[in-house]
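A.B. asks: after the sequence you'll find the predicted model.
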Amino acid sequence: MHILIYSYNYHPEPIGIAPLITELAEGLVKRGHSVRVVTGMPNYPQRRIYEAYRGKLYLTELTNGVAVQRSFVWVRPKPTLLDRLLLEVSFVVTSFVHALRGKRPDVIFITVPPLPVCVPAALLGWLHRTPIVLNLQDILPEAAVHVGLIKNPKLIRIFEALERFAYRTATRTSVIADDFVEHLHGKGVPDHKIVQIPNWVDVNFIRPLPKEHNQFRTTHQLTDKFVALYSGNIALTQGLETVIEAATRLCHLPDIAIVIVGEEAALERLQQYCECCGANNVILLPLQPRQDLPEMLAAADIGLVVQKHNVISFNMPSKIQVLMASGRALVASVPTTGSAARAVEHSGGGIIVPPENPEALAATILELYHHPEQVKMLGERSREYALKNYTLEQALDQYEKLFSTVQNR
């Protein structure tokens, strides 16, 4: 098949949806498909265009067999609401011009967010008479409203109209969690248009590695420490302050280290919070190169998943699959009724604690610190569950089947 992937994020962006879409695109190429990706100039998570891509309006690259068509986007390090709107509009306009340059696709696959991308994708589908598969990574606009990103009632109504348009024009909608299915049913999307395919992880790349002779531990003076690791996006939905407040309750135990790895601008804010709280056992580190990710994950005794209490039905952290594949025990400070909690519970590889509750989080870390055999058991269950449910090959099988179905409808 000739597959067009419409995604704002793509390689070399290191976190979020970019690594997943890159793995999907390259995996489909390896299976003999022709894949073209329409995306923006890389800028995430720093919100600055990467140096090698600055000053360019359009650029086409061939990366591991994937034709990557990049276009200019308006991006600012500290975006105002207007900047965010200009980002969305700029990608809609510039990407559509690039999307027209190429062979007619058999299937158009688009990822949301950003939500406005459904407009050029729908127009492209109409021009080519091509089916559209809409992939929901977050439920919008609910996610933006819940975390206070969008407050203007008129703007909320515009995004709600875009949401209805996206569901109506998509041939199928793929979702990554069961909560998303319930949401779509509530929006009137018929069941036959919904397909649930969880996010995946390359279990051959992300795999259990020994903590002994671990370069990440050695470099950051973590040898002989019990390490609780959070790595990834630091945004409005996480609330990493809970982790720092939990760390203050463990300062009397020098063998326990809390490590937070994320984007440097966000770390500056967390550093100030650490100093304010007196959390001297928290180590803040910048995002690591992707090739070092397995080693970094292997340095942890437990992996942390953190969400705020109001993040329930519109978000499913992809770090869950990654931590499971690395064979790590999970401690998930997440809403007990959400998709993240259910995934951890079903795996048997982690412990759920109430969100935004530093006392409970600290107590759970302490409990695992005193019971290394439980940590080992949880980690083994995590890896086993990832192998059964979250492999890239399974996702490729499901998406190939889905693309074939909509192509032949």
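C.D. replies: Nice, I can see it.

A.B. asks: for the closest residue to Tyr10 other than its chain neighbours, phi and psi?
C.D. replies: Counting by CB to CB, 6 or more residues apart in numbering, Thr39 is the residue found nearest to Tyr10 once chain neighbours are left out, at 4.2 Å. Every C-beta, even on glycine, is put in place using the N, C-alpha and C of the backbone. With angles defined as degrees, to the nearest 10, Thr39 sits at phi -150, psi 180.

A.B. asks: counting neighbours, what do you get for Thr39?
C.D. replies: Residues contacting Thr39 under the criterion other CB atoms under 10 Å number 26.

A.B. asks: ok, it - contacts?
C.D. replies: Neighbouring residues of Thr39 by CB atoms under 8 Å, 6 or more residues apart in numbering: 7-10, 68-71, 95.

A.B. asks: host element of Ala246?
C.D. replies: Taking DSSP states H and E as the criterion, Ala246 maps to helix 241-248.

A.B. asks: which residues touch that helix?
C.D. replies: Counting contacts by CB under 8 Å, 6+ apart, the residues outside helix 241-248 that touch it are 230, 258, 260, 270, 273-274, 277-279, 281-282, 304, 306, 333, 355-359, 361-362, 365.

A.B. asks: the helix or strand just after that helix to helix 241-248, inter-axis angle?
C.D. replies: Next in sequence after helix 241-248, counting helices and strands by DSSP H and E, comes strand 256-262. Taking axes from the mean of the first three to the mean of the last three CA atoms, to 10 degrees, strand 256-262 and helix 241-248 form an angle of 160 degrees between their directions.

A.B. asks: so what are the sheet partners of strand 256-262 and their directions?
C.D. replies: In the sheet containing strand 256-262, its partner strands are strand 226-231 (parallel), strand 282-286 (parallel), by DSSP bridges.

A.B. asks: pick the most buried one from the ones you listed.
C.D. replies: Across these, averaging neighbours per residue (mean count of other CB atoms under 10 Å) puts strand 226-231 on top, at a mean of 23.

A.B. asks: who's in contact with that strand?
C.D. replies: Identification of contacts with strand 226-231 by CB under 8 Å, 6+ apart yields 217, 240, 243, 255-262, 287-288, 296-297, 299-304, 306, 319, 328, 331, 365, 369.

A.B. asks: if we use 7 Å, what do you get?
C.D. replies: For strand 226-231, the surrounding residues in contact (CB atoms under 7 Å, 6 or more residues apart in numbering) are 240, 243, 255-261, 296, 299-304, 306, 365, 369.

A.B. asks: same check on stretch 389-408?
C.D. replies: Around stretch 389-408, the neighbours that count as contacts under CB under 7 Å, 6+ apart are 1, 3, 23-24, 27-28, 31, 106-107, 131, 133, 171-172, 174, 195, 197-198, 200-203, 321, 324-325.

A.B. asks: export the strands paired with strand 256-262 to JSON lines and append columns for mean pLDDT.
C.D. replies: Below are the strands paired with strand 256-262 laid out as JSON lines (pLDDT from 0 to 100):
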{"stretch": "strand 226-231", "mean pLDDT": "97"}
{"stretch": "strand 282-286", "mean pLDDT": "96"}
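
A.B. asks: of all those, which lies closest to Lys388?
C.D. replies: Comparing these against Lys388 with CB to CB, the closest turns out to be strand 226-231 (23.6 Å).
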